[in-house]
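Chemist: got a predicted model here, sequence first, then my questions.
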Amino acid sequence: MTDTLKAAACSEVDRQAAALVALSRRIHATPELRFEEKQASAWLAEYLLALGFEVEHPAYGLDTAFAATAGSGRPRVALLCEYDALPEIGHACGHNVIAAAGAGAAAGLAVVLEQLGGSVRVLGTPAEEGGGGKVIMARGGAFEDVDVAMMIHPSGVDLLEIDALAITSLHVEYRGRAAHAAAAPQHGINALDALVTAYNSIAQLRQHIAPGERIHGIITDGGQAPNIVPERAAGVFYVRSPSRAGLDALEKRVLECFRAGALATGAKLTVNKTGEDYEDLQTNQPLAALYAANLEKLGRAIGVAGKITGSTDMGNVSHLVPSIHPMLRIAPPDVPLHTQEFCRWAASEEADRGVLDGAKAMAMTAIDYLSDPALQQAVRVAFEATCTGRGAGGEGRGE
């Protein structure tokens, strides 16, 4: 029976192809930054409403989030759509493809749900690029009645998973005392010196961190004029580690570097979280294996070489429900994400094909899951071996 249902779902995706490609291209041509995705979220909500989904928009306390549900009861599969763009370089992460593929998978599933039982929920998740939309939605209960969650992410290769690192973002500020740098430097406390001392300390720390860990940052305020001792300096730093425990330990070491700058100069230090912490990604292997098999039916093969490292708030979701976040090829393998070149590929014919293949692969995987109680149990067992329940996050810490 599943082969018949899969064929019907894929036929529906093909029937919706023109609308899905147009949706992807429209979002790409109208890039909106995190928490500002008013048009993209409205277009997706309207599309799903026209398919017969029950749509809540806005949802979970976010103006640009939505939830669209078809079918009833459990098990419930969540399809996640991202649609925020990046400053200056637009959809250089291809979130337009993610959004349209998620909507397409929903369209395919909607025509077979009555025979399958259970339900599908499409979650529009704003602000993946640093805003942590999924974390905020999780705190609002978005995943409390969800059994599995899935999405695809465009890239230059077909991969089952990425090395998604846990990450925290820190805003650091030093306050010193202004003085004339030539006439009375002895009266000043140089906030920029404090930040440069911390920056150099972090550079030295990088020699002694674990493989896979990352620390990177920028100075956003270094003073106003060369002849004035800077009374304020500020920067933003990302700290990443393959695990939450590793992140917590590394963050403490970075905070000591910040304190060193304050101690060396006498400047006052303030450190605050910016946005939500992202967890490492725990790929559900039984669910991923199904996705890989279904992708092969579409003429694609999961790559055995290649590695992509980054961070995503889908990591938080993966600690709450069984999840997959495979990468789908829409560009040559040498074109990196977050570049102008990848942005161009995200509106190419290859990206259009990615929308349809991603939609079909997710729809077929959801059909496998919804139709097989033994598989549902296997997915749950694998999840319980890795889940921590941390995905909803907590309050940011200040210092």
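Modeler: Perfect, I can see it now.
Chemist: helices of the stretch 101-250 of the chain, start to end?
Modeler: Under the criterion DSSP state H, counting those that start in this stretch, helices of the stretch 101-250 of the chain are mapped to 113-116, 133-139, 191-205, 244-265.
Chemist: quick one: the ones you listed as TSV, columns for mean neighbour count, mean pLDDT and distance to Ser72 too.
Modeler: The C-beta positions use only the backbone N, C-alpha and C, and glycine is treated the same way. Listed next are these as TSV, based on neighbours: other Cβ atoms under 10 Å; pLDDT from 0 to 100; distance: least, Cβ to Cβ, whole Å:
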stretch	mean neighbour count	mean pLDDT	distance to Ser72
helix 113-116	16	95	9
helix 133-139	26	97	21
helix 191-205	21	98	52
helix 244-265	18	97	36
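Chemist: may I see those helices organised as JSON lines, with distance to Gly156 added?
Modeler: Output for the helices of the stretch 101-250 of the chain, formatted as JSON lines (distance: least, Cβ to Cβ, whole Å):
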{"stretch": "helix 113-116", "distance to Gly156": "34"}
{"stretch": "helix 133-139", "distance to Gly156": "24"}
{"stretch": "helix 191-205", "distance to Gly156": "30"}
{"stretch": "helix 244-265", "distance to Gly156": "27"}
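Chemist: wait, which of those is closest to Val172?
Modeler: Put simply, out of the helices of the stretch 101-250 of the chain the one that sits nearest Val172 is helix 244-265, at 5.5 Å, with distance taken as Cβ to Cβ.
Chemist: helices or strands up against the closest one?
Modeler: If contacts are counted by 3 or more Cβ pairs under 8 Å, 6 or more residues apart in numbering; DSSP states H and E, helix 244-265 sits against strand 166-175, helix 191-205, strand 232-241, strand 268-273.
Chemist: ok, and what's touching that helix?
Modeler: Helix 244-265 is contacted from outside by 165-168, 170, 172, 174, 176, 189-191, 193-198, 201-202, 205, 209-210, 213, 215, 237, 239-241, 267-269, 271, 277, 279-280, 388, 390, 399, using Cβ atoms under 8 Å, 6 or more residues apart in numbering.
Chemist: picking that back up, the helices of the stretch 101-250 of the chain: which one's closest to Ala107?
Modeler: helix 113-116 (11.2 Å).
Chemist: centre of the chain to the closest one, how far?
Modeler: Relative to its chain's centre, helix 113-116 lies at 30 Å (Cα atoms, centre = their mean, to the nearest Å).
Chemist: so among the contacts of helix 244-265, which ones count as buried?
Modeler: 165-168, 170, 172, 174, 176, 189-191, 193-198, 201-202, 205, 209, 213, 215, 237, 239-241, 267, 269, 271, 277, 279-280, 390 (16 or more other Cβ atoms under 10 Å).
Chemist: point out where the stretch 251-399 of the chain drops to low pLDDT.
Modeler: For the stretch 251-399 of the chain, residues meeting the criterion pLDDT under 70 lie at 304-306, 394-399.
Chemist: quick check: which element contains Leu328?
Modeler: If you go by DSSP states H and E, Leu328 is part of strand 327-329.
Chemist: now do that strand: which elements does it pack against?
Modeler: Applying 3+ Cβ pairs under 8 Å, 6+ apart, we find strand 327-329 packed against strand 153-155, helix 349-371.
Chemist: what residues does that strand touch?
Modeler: Here strand 327-329 makes contact (Cβ under 8 Å, 6+ apart) with 97, 101, 152-162, 300, 308, 350, 354, 357-358, 361.
Chemist: what number of residues lie near the spatially closest residue to Met362 that is not a sequence neighbour?
Modeler: On the basis of Cβ to Cβ, 6 or more residues apart in numbering, the spatially nearest residue to Met362 that is not a chain neighbour turns out to be Ala105, at 3.9 Å. With neighbours defined by other Cβ atoms under 10 Å, the count for Ala105 comes to 30.
Chemist: does Ala105 touch Asp357 like I think?
Modeler: No. With contacts counted by Cβ atoms under 8 Å, Ala105 stays clear of Asp357, the gap being 10.7 Å.
Chemist: picking that back up, how far is the strand holding Leu328 from where the chain is centred?
Modeler: The mean C-alpha position of strand 327-329 is separated from the chain mean by 15 Å, Cα atoms, centre = their mean.
Chemist: got it, and stretch 87-105?
Modeler: Going by Cα atoms, centre = their mean, the spacing between the C-alpha centre of stretch 87-105 and its chain's C-alpha centre is 11 Å.
Chemist: measure that stretch end to end?
Modeler: Distance between the two ends of stretch 87-105: 28 Å, counting by Cα to Cα, to the nearest Å.
Chemist: buried set for it?
Modeler: For stretch 87-105, the neighbour count (16+ other Cβ under 10 Å) marks 90-105 as buried.
Chemist: next: stretch 8-17.
Modeler: Counting neighbours by 16+ other Cβ under 10 Å, the buried set in stretch 8-17 is 8-10, 12-13, 16-17.
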